[in-house]
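1. Here's a sequence, model it:
(chains A and B)
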Amino acid sequence: MTAAIVLSNVVKSYDGGRQAAVDGLSLVVERGRIVTLLGPSGCGKTTTLRLIAGFERPDAGSVRLGPRTVADEGTWVPAESRGVGMVFQEHALFPHLSVARNVAFNLKGARARTKTAEMLDLVGLSDLADRMPHQLSGGQQQRVALARALAHDPVVVLLDEPFSSLDADLRAQMRTEVRRILKDAGATAVLVSHDQRDALAISDTIVVMRDGTIEQAGPPREIYQFPHTRFVAEFVGTSNVLSGTISGSGSSVETPVGTIPCMHTHGLLDHTEVLVSIRPDSFEIDETGALEGTVVSAVYAGTSTDVTMRVTDAAGAPVDLLVHAHPERELVIGQRIRARVLPDFVAVIEE
Amino acid sequence: MSAPVLYVGIRALSEPAARWALLFDERLARLLWNTTALAAAVGVVAGALGVSLAWLVNRTDLPGRRTLRWLLALPFAIPPYVGAMAYVIVFGPRGWVSRAWGSTPIDMYSFAGVAFVLSVFTFPYIYLVVGSAFGRLSRSHEDAARSLGLGRWAILRRITIPMLRPAIGAGLVLVVLYVLSDFGAVALLRYSTFTTAIYYQMGGFDTGAAAILSTVLIGVTLLVLGAESLSRRRSRFYEGTGASGSSRRVELGWARWPAVAYVCTVFAVSALVPLAVLGYWAWQGVFLTGLDARFPEFALNTLQAAGIAATAAMVLAVPVVYLRSRHPSRPSWAIERLALSGYALPGVIVALGVIFFSLRLAPAIYGTMLMVATAYIIRFLPQALQSAAASLASVSPRIDEAARVAGLSPVAVMGRVISRLIMPGVLAGGALVFVSAAKELPATLLLRPAGFDTLSVRVWVEASEGAYHLAAPPALVMVLLSLVPLKLMLDRFKEPS
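-> Next comes the predicted model:
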């Protein structure tokens, strides 16, 4: 595979430059992939997107799109000459142009006609070509915005918080739909999101960002199951983080609440002091489990029951663990339960 | 509210057809041409000035743009008839320039002269409306166009200007309505439009002809209003959402100094020169020849008539606005539409209507100062309504419901709760009405009882006779009063960021 985007040691700071918005970021996006920059507000994800688009110029480092360097110390290609497509948070459809003319915007001649028809077909809006943007629903507006971005055969499509202006129902539907359209078009896409569900559902690769740098990058499953750091463990989903030492030749972690089986110990030697992240989904409530504790709270959430289970550690201090129990199980506060830990969602992490 | 105006129409329709035909042959075509040509010329010039200045100040790196932003709104405070007087002093046949060089670059008593004066003093309408629209534009539309391969100038031409079209349209409508209704500047510069023709017909007591001319002018005004409501309906979809403000200002480069020169020239012509002329003559008037001994009486008359109008407008505005907002129904909508129509009505027509109306139905007020006040209320109530409505928009209907639940009747809710909450808006509206009424010219001239001279009447009379040392002091008072609505306008169109 060839790289569609290469960012090398990119630095960008705003006014005064006390705090860099993007701080020495390097990232390679391969052609045809959907990559999500995920992180809390202020982590630099939007700045990264605008650096790729050419709306911002990096203070240092370089940006390459396909074979072409578009920004480094001596080079600057502005947004209008980069051939990137962009989908904005509020869609930014031109209100004075019809759907078809939005999609055909800045395309010339016969190509405008064929490309518009092709794109509207791709997003399933051929019937609405003559509508004005204000006559469309939110989901339809988003499809038009996507069609407009794709019509120029962009090197990469950039999507800035594409789902944040949609209702919950529509949002779930558009995640699937946008992924299908991008894949059908064979497009390379970079999204920005602060919503882990968007990121997990749509991405080939998730890049978790924090303070202008990459915290962890990988496929959604890997990010969720085996976070590298406490930040990733707690930002993407929820997790129980305990301190302990490696044991069992790297197959488990000794913690104050007991031995936790763990496949993801990064080859560390026994007796190394580490933190371990245990997802609430990793627990199984079972009479024969090694962990024993009391139900402190139980919240029925439909797909699971979110239980806080209080166990006593080796020193006699109480430790609260968040456990997702099967929703069929009825639990009462004060009830004594036992649970075991499955290794599927356990990972050794860094602080 | 609209009864006086309906009377004008009825009166016109009851005139024999022969009179209509005669007027058509003699005057109407000429007047229609004069009026529409003037409106078109002023619209084009004021539009070009307003849009270009709004763009330079809001979207470029023009040096000094922060100061220039509000300086350019200053001509808004100069009533066009005062501006016309100032330019007669400068460019008139016996004016400064003519005396110094023996010739003038522009004949003030011509189409070009009238168009020049009206353009220079009405462009702030467009400048303010378009400037505020620039602030509301979402930057993502321009970013989107850039990512689709457009350069800066192409974005300005293909995205920014088309998206501003509704705002430009709204500003143009204000300017055109102003030109249709202006009497003072047009008459001072001895041009002839519908308003001056109606005025002189009434002066000759030919009320039938005046009614016919008025009806035609109302028709023209309604056409313009129709265009306005169309553009307003479309503009809703142009309001940007999301990140507003511009990502970057356009760098003018070498063009910045010509741009500064252009902006400063417009400021000089539209504010500096007229204010300097007024200041000079007011100085002459007050310190060399002495102020007119009756000046306090004129001021008191103005205070009285405009004060009554402002008070009445505030009292009327609260229930009208409240009914419209809380009980939107056809009648309440109709009430507001009717009241708003007064906005666009030229003072001469309102005066004519008030005369017909009071002769038939309220003979007691005929020939009293109350006729003047009534005309002011009809013309300027919309300003009080708009101001109160803006204030009420921020009061949640839940407040009413809370008061009702606490045991207040709907009338008590309005009187004791809502009216207090929207008092700032109502007072601001009252101030607007007061200033507009104080500046009003044609209705005052036509309706005043004998000997009832207001400041605006004195400006007009003395300026017509070339007694500038007597005209300038009251004119300066008009300008100072007009700073109040200017301040309110600027607050409303404040830079969003």
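2. doesn't residue A:74 make contact with residue A:62?
-> No. Residue A:62 lies out of contact with residue A:74 (Cβ atoms under 8 Å); the separation is 9.9 Å. Where you see a C-beta, it was placed from the backbone N, CA and C, and this is true even at glycine.
3. for the stretch 1-150 of chain A, which spans come out with low pLDDT?
-> Regions of the stretch 1-150 of chain A meeting the criterion pLDDT under 70 cover residues A:1, A:16-18.
4. what residues are up against the spatially closest residue to residue B:359 that is not a sequence neighbour?
-> Closest residue to residue B:359 in three dimensions, ignoring its sequence neighbours and counting by Cβ to Cβ, 6 or more residues apart in numbering or on different chains: residue B:366, at 6.0 Å. Counting by Cβ atoms under 8 Å, 6 or more residues apart in numbering or on different chains, residue B:366 touches B:355, B:358, B:359.
5. so is the first one in a helix, a strand, or just coil?
-> In other words, residue B:355. For residue B:355, the assignment made with DSSP: H, G, I helix; E, B strand; the rest coil gives helix.
6. what about it, how many neighbours?
-> 22 (other Cβ atoms under 10 Å in any protein chain shown).
7. That one against residue B:447, yeah?
-> Yes. Taking contacts as Cβ under 8 Å, residue B:355 lies within contact range of residue B:447: 7.1 Å.
8. and for these two, which residues touch both?
-> With contacts taken as Cβ under 8 Å, 6+ apart, residue B:355 and residue B:447 have residue B:371 as neighbours in common.
9. So between residue A:62 and residue A:74, which is more surrounded?
-> Remark: of residue A:62 and residue A:74, residue A:62 carries more neighbours, 18 against 7, as counted by other Cβ under 10 Å.
10. need the contact list for the closest residue to that one other than its chain neighbours.
-> For residue A:62, ignoring the flanking residues on the chain, the nearest one in space by Cβ to Cβ, 6+ apart is residue A:72 at 3.6 Å. Counting by Cβ under 8 Å, 6+ apart, residue A:72 touches A:61, A:62, A:63.
11. which residues are in contact with stretch B:51-60?
-> Taking Cβ under 8 Å, 6+ apart as the rule, stretch B:51-60 contacts B:62, B:65, B:68-69, B:72, B:123, B:126-127, B:130-131, B:134-135, B:156, B:160, B:164, B:168, B:246, B:249-252, B:256, B:259, B:262-263, B:266, B:495.
12. mind listing what's buried in that stretch?
-> Of the residues in stretch B:51-60, B:51, B:52, B:53, B:54, B:55, B:56, B:57, B:58, B:59, B:60 count as buried by neighbour count, 16 or more other Cβ atoms under 10 Å in any protein chain shown.
13. Relative to the whole chain's centre, how far out is it?
-> Distance of stretch B:51-60 from the chain centroid (Cα atoms, centre = their mean, to the nearest Å) equals 22 Å.
14. Restrict it to CA atoms and write it as PDB.
-> The C-alpha trace of stretch B:51-60 is given here as PDB (Å, rounded to 0.1, in the frame of the first residue of the first chain):
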ATOM      1  CA  VAL B  51     -21.100  47.000   0.200                       C
ATOM      2  CA  SER B  52     -17.600  48.000  -0.700                       C
ATOM      3  CA  LEU B  53     -17.100  49.900   2.600                       C
ATOM      4  CA  ALA B  54     -18.600  47.000   4.600                       C
ATOM      5  CA  TRP B  55     -16.300  44.600   2.900                       C
ATOM      6  CA  LEU B  56     -13.200  46.700   3.400                       C
ATOM      7  CA  VAL B  57     -13.900  47.300   7.100                       C
ATOM      8  CA  ASN B  58     -15.100  43.800   8.000                       C
ATOM      9  CA  ARG B  59     -13.000  41.500   5.700                       C
ATOM     10  CA  THR B  60      -9.700  43.100   4.900                       C
END
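15. Identify the residue nearest the geometric centre of the chain.
-> Using chain A here. residue A:199 (3.3 Å; Cα atoms, centre = their mean).
16. ah, no, chain B please
-> With Cα atoms, centre = their mean applied to chain B, the nearest residue to centre is residue B:178, 5.6 Å.
17. That one - that's part of a helix, no?
-> Yes. Under three-state DSSP, residue B:178 falls within a helix.
18. so what's the closest residue to it other than its chain neighbours up against?
-> Nearest residue to residue B:178, sequence neighbours excluded (Cβ to Cβ, 6+ apart): residue B:122, at 5.4 Å. Residues in contact with residue B:122 (Cβ under 8 Å, 6+ apart) are B:42, B:46, B:80, B:174, B:175, B:178, B:179.
19. So which residues on chain A come close to chain B?
-> A:53-55, A:78-86, A:88-90, A:92, A:94-96, A:105-106, A:132-134, A:148-149, A:152, A:158 (Cβ under 8 Å from any Cβ of the partner chain).
20. for residue A:206, helix, strand, or coil?
-> At residue A:206, secondary structure determined by three-state DSSP is strand.
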